[in-house]
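Trainee: Test case, fold it:
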Amino acid sequence: MNIPNALTLSRLVAIPPLMVLLMVRFPGHDQLAAALFIVFSLTDTLDGQIARRRGTVSDFGKFLDPLADKLFVLSVLIVLVQEGLVAAWVVVVIFSRELIITILRSVAAAQGRVIPAAPLGKTKTVMQMAAVTLLILQRPYPIVVPLADLVVAVAIVFTIWSGLDYLWRFRYLISSRSPNRVGPSGGAPAEEESGALLARQLGDLLRERGLTVAVAESCTGGMVGSLITDQPGSSAYFLGGVIAYSDAVKRDELGVPAGLLKRLGAVSAEVAQAMADGARSRFGTDLAVGVTGIAGPDADGSGKPVGLTYVAVASEHGSPAHEYTFTGDRWSNRRQAAAEALRLLAEEARSVVKVKTA
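Mentor: Next comes the predicted model:
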């Protein structure tokens, strides 16, 4: 239990006294309830900031934070419906959205993944909390009723919008055509739709044509090399790789220019190219791949979006980089990047062989 998780839990602890304050009658009880609601709402901002600043982000926190937000807001809204301060359909819309996303998170958890709160989801929560505060204050201050109605309407729009955003971003969890679909065993993805098939196809190409390959990975953390070496006989064509997670390793082990890293950042086409070139030179292979990106769930502070990924394949033809913006969670983004790296390597392997046999 760390400070961010304790702050998150405090929102759950605050629910009973808030409900009591809204139902009892004494001078200032609504104002006190609104003040208490605002105070504990602020913990939703503090817990995330502290967790990121102290490096204490955890899967438990990612799961608990959105759950606490939902229960905190919905519990108060239910009491407000009972008190006649908000229409019941508003709560039905909000509850339906939260139920759908909770089911989506349960599906993800069954696959060993955690869906963190998305930026639009956090905006939705802020709007809902602002609406709830005004709904509480409209009883002692009737002048805020028009403003409360407006903010409730905006909150409903964000509620629906963020729900659709989650369903789109994580559609692969429920799509039968998903590349990350769970296979018959209920564990690993179905092989025919996973990186395993791409790795096998690449291995066959490299073996048949007598080519060798190396990898330079950042955001994928060794996943490309792991998929390649999962194949029997991969020692015939896979020579090695570098997991260059930090800029220092990219610079010292792969020869990525420091000026390039400083000017463009680690997540750029030029750095992916330099990584691929560095791996090909270091291991003396026919092919090499460089992968760098922002897997998520948080951005890197550069303004570049989560999911932005560059994959470059180096060969005698050069080292062109390809840009992708994946829209899944961290688990999905990394695996999609690894799959694209394998696919591009296979394409280049065919090209290299055609040149050599011409």
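
Trainee: The stretch 251-358 of the chain: helices as residue ranges?
Mentor: Counting by DSSP state H, counting those that start in this stretch, one finds helices in the stretch 251-358 of the chain at the ranges 258-264, 269-283, 330-356.

Trainee: between those, which gets nearest to Tyr310?
Mentor: Nearest of the helices of the stretch 251-358 of the chain to Tyr310, taken as CB to CB: helix 269-283 at 3.8 Å. For glycine as for every other residue, the C-beta is placed from the backbone atoms N, C-alpha and C.

Trainee: Touching the closest one from outside, list them.
Mentor: With CB atoms under 8 Å, 6 or more residues apart in numbering as the test, helix 269-283 has contacts from 212, 214-216, 218, 239-242, 244, 250, 253-257, 260-261, 264-265, 285-292, 310-315, 319-321, 323.

Trainee: likewise stretch 235-243?
Mentor: Contacts for stretch 235-243 (CB under 8 Å, 6+ apart): 203, 206-207, 211-218, 221-222, 224-225, 228-229, 249, 253-254, 278-279, 282-285.

Trainee: In strands only, show me the residues you listed.
Mentor: Among the contacts of stretch 235-243, the ones falling in strands (DSSP state E) are Val213, Ala214, Val215, Ala216, Glu217.

Trainee: What is the neighbour count of the spatially closest residue to Leu147 that is not a sequence neighbour?
Mentor: Of all residues not flanking Leu147 in the chain, Leu134 sits nearest, at 6.0 Å (CB to CB, 6 or more residues apart in numbering). The number of residues packed near Leu134 is 21, by other CB atoms under 10 Å.

Trainee: And the pLDDT for Leu134?
Mentor: Listed pLDDT for Leu134 reads 94.

Trainee: and it, that's in a helix?
Mentor: Yes - counting by DSSP: H, G, I helix; E, B strand; the rest coil, Leu134 is located in a helix.

Trainee: quick one on the thing from earlier: report the buried members of the contacts of helix 269-283.
Mentor: Using 16 or more other CB atoms under 10 Å as the burial test, the contacts of helix 269-283 include 212, 214-216, 218, 239, 241-242, 244, 250, 253-254, 256, 260-261, 265, 285-292, 310-315, 319-321 as buried.

Trainee: Now do the helices in the stretch 101-250 of the chain.
Mentor: 119-137, 145-169, 195-209, 223-229, 247-254.

Trainee: To Phe72, which of those helices lies closest?
Mentor: Short answer: helix 119-137, nearest of the helices of the stretch 101-250 of the chain by CB to CB, at 8.2 Å.

Trainee: Just want the angle from that closest one to helix 145-169.
Mentor: 160 degrees (axes from the mean of the first three to the mean of the last three CA atoms, to 10 degrees).

Trainee: who does helix 119-137 touch, helix- and strand-wise?
Mentor: helix 29-54, helix 59-82, helix 145-169 (3 or more CB pairs under 8 Å, 6 or more residues apart in numbering; DSSP states H and E).

Trainee: If you drop the residues flanking it in sequence, what lies closest to Ala33?
Mentor: Leu21 (3.9 Å).

Trainee: which residues does Leu7 contact?
Mentor: Thr43, Leu46, Asp47, Ile50.

Trainee: do Leu345 as well
Mentor: Residues near Leu345 by CB under 8 Å, 6+ apart: Leu202, Val213, Leu287, Val289, Val313.

Trainee: mind putting these in a markdown table, pLDDT and distance to Thr327 included?
Mentor: Output for the contacts of Leu345, formatted as a markdown table (pLDDT from 0 to 100; distance: CB to CB, whole Å):
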| residue | pLDDT | distance to Thr327 |
| --- | --- | --- |
| Leu202 | 94 | 25 |
| Val213 | 97 | 29 |
| Leu287 | 96 | 28 |
| Val289 | 97 | 22 |
| Val313 | 95 | 23 |
